[in-house]
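okay, structure incoming, though there's no sequence with it:
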DNA sequence: TAGTGGTCTAGACCACAAA
DNA sequence: TTGTGGTCTAGACCACTAA
């Protein structure tokens, strides 16, 4: 249902609702969606708002429309993680695995110099630090270490992020939507600590991704370091000439 | 001016009009566009229609909007650098390093089953196999193992690919242009052989990329496996929500 | 013919930037 | 305070598909 008092626009709420149904498998490729009129009745919004939500899904390649027939869930031709910002949870569902999360660390820390530079703040400025172990089908998959500029979202660590996405709280409580990100990808050998957490041999290969995410005002808000198990995690993407 | 009797939707006519002014240089990067209200008056359409036209231009990266300020012609800086097919040589120059190449293997081989599947040919079909060591500033950087469907480019291995890009011969002699590719990225530990070639310790982390490239007729032509040194090679990309 | 998505209008109120 | 783009509504008519 759409929260009328939320700061999140209706169309974006509806977009999230529909996206979930597709990504989490409630609706399957080829399935027909409710008509625009149905959606408009169900969610009590205007047709423009419904179409704005659907437009976003079309742009993402998740659905397609046929005039006179209806709107359908697209067959996952391709288009993947490398181009879109996807939460770990959605990512795993798309890969057909059951995601779960374990919070390892949740605290405030002074900004290390390299991260401060990426987040465009002074070294030593207060950052939230949230380190989580991500599991897929109950087997360790990744370590995700996330830094947020605490000033933008004071008190955000009071919530429990083993169940709830960090992005959701950011949007709902702080009205911060991360719309753009830059990342670097490389391969590293697992340290003793990472190997222990991930249940793999020391020196096993990890896919290390560092990502800086920007708000719609183009302000860097989050720095994340992912360590994905090389033997389990794959990135896909497409290239054009 | 917008033709009311045309079958072309108003928003698309307006989109073309505005697009021309940008592409043909009437408006320059950083220039402010007329406000939505101006456009609505000038072209005698509703605000929704104006916005639909502008949305298309935003999606194309030609303009950007700033609430409270206005709409501007975008600087053609980057963004669309998302992920282009780039040769190793160009790639290294972009990174400010001097590329060089050493051919390790150049021969015909029967298609292994997994590669045959990716190239949509029968297992055992004749493929060219070209294995090259890539160096940057005279230091080993990557191993690149390339398979081509020999039937599409017979005799291609007669040339020397330590100096000349394979793609160039494909285009010039066989009129095959690779315009599209899919790839997977993962992290692996270096085998004894790879480690030796790359001058790194056994088990060092490598970025392993497998890429299938398609011709403009959408036929898979080439399968490449890259092994990039984790300590030297970095992938960079951008994401959008 | 009935129902779908495609296009379009004329309003309205809001958050934000700049003067 | 004024003007911008951001969101939203409640209509309308159209072209197309399928029954």
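Alright, I've got the coordinates. None of these values were measured; they are calculated from a predicted model.

the residue lying closest to residue A:34 once chain neighbours are set aside and residue B:20: what is the separation?
The spatial neighbour of residue A:34 that comes closest, neighbours along the chain excluded (C-beta to C-beta, 6 or more residues apart in numbering or on different chains), is residue A:42 at 6.9 Å. Using the backbone N, CA and C atoms, a C-beta is placed for each residue, glycine as well. Residue A:42 sits 42 Å away from residue B:20, going by C-beta to C-beta, to the nearest Å.

run a quick neighbour tally on the residue of chain A found nearest DNA strand D.
When scored by C-beta to the nearest atom of the strand, chain A has residue A:68 as its residue closest to DNA strand D, at 2.5 Å. Neighbours of residue A:68 under the rule other C-beta atoms under 10 Å in any protein chain shown: 4.

kindly report the same for the one 3 residues further on.
When counting by other C-beta under 10 Å, one arrives at 19 neighbours for residue A:71.

which ones are touching the closest residue to it other than its chain neighbours?
Distances taken as C-beta to C-beta, 6+ apart put residue A:33 closest to residue A:71, at 4.3 Å, once the chain neighbours are dropped. Contacts of residue A:33 were listed using C-beta atoms under 8 Å, 6 or more residues apart in numbering or on different chains, and they are A:18, A:27, A:39, A:63, A:70-73.

again, only using 7 Å
With contact taken as C-beta atoms under 7 Å, 6 or more residues apart in numbering or on different chains, residue A:33 is in contact with A:63, A:70-73.

coming back round to it: what comes up buried for the helix or strand containing the residue nearest to residue A:34?
Residue A:42 belongs to helix A:36-43 when assigned by DSSP states H and E. For helix A:36-43, the neighbour count (16 or more other C-beta atoms under 10 Å in any protein chain shown) marks A:36, A:39-40, A:43 as buried.

the contacts of residue A:33 in strands, which ones?
A:63, A:70-73 (DSSP state E).

nearest to residue A:175, of those?
Checking the ones in strands among the contacts of residue A:33 against residue A:175 with C-beta to C-beta, the nearest one is residue A:63 at 26.9 Å.

can I assume that closest one is in contact with residue A:56?
No: using C-beta atoms under 7 Å, residue A:63 is not in contact with residue A:56, being 9.7 Å away.

of these two, who's got more company?
Legend: neighbour count by other C-beta under 10 Å for residue A:63 and residue A:56, higher for residue A:63 (22 against 19).

tell me if stretch A:3-14 is near DNA strand D.
Yes: on the criterion C-beta under 7 Å from any atom of the strand, stretch A:3-14 is in touch with DNA strand D at A:9-12.

make a markdown table from these and add pLDDT, neighbour count and distance to residue A:233 to it.
A markdown table is the format used below for the residues of stretch A:3-14 next to DNA strand D (pLDDT from 0 to 100; neighbours: other C-beta atoms under 10 Å in any protein chain shown; distance: C-beta to C-beta, whole Å):
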| residue | pLDDT | neighbour count | distance to residue A:233 |
| --- | --- | --- | --- |
| A:9 | 90 | 14 | 33 |
| A:10 | 93 | 19 | 35 |
| A:11 | 94 | 20 | 33 |
| A:12 | 91 | 18 | 29 |
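
those residues: which two are farthest apart?
A:10 and A:12 (7.3 Å).

correct me if wrong: residue A:152 contacts residue A:176.
Yes: at 6.3 Å, residue A:152 counts as touching residue A:176 under the criterion of C-beta under 7 Å.

what's the overlap in contacts for the two?
With C-beta under 7 Å, 6+ apart as the test, residue A:152 and residue A:176 both reach residue A:221.

what about these two, which has more around it?
residue A:176 (24 against 18).

tally of neighbours for the residue lying closest to that one once chain neighbours are set aside?
Nearest residue to residue A:176 in three dimensions, chain neighbours excluded: residue A:170, at 4.6 Å (C-beta to C-beta, 6+ apart). Close neighbours of residue A:170, defined as other C-beta under 10 Å, add up to 21.

quick check: phi and psi at residue A:170.
phi -60, psi -40 (degrees, to the nearest 10).

all good on my end, thank you.
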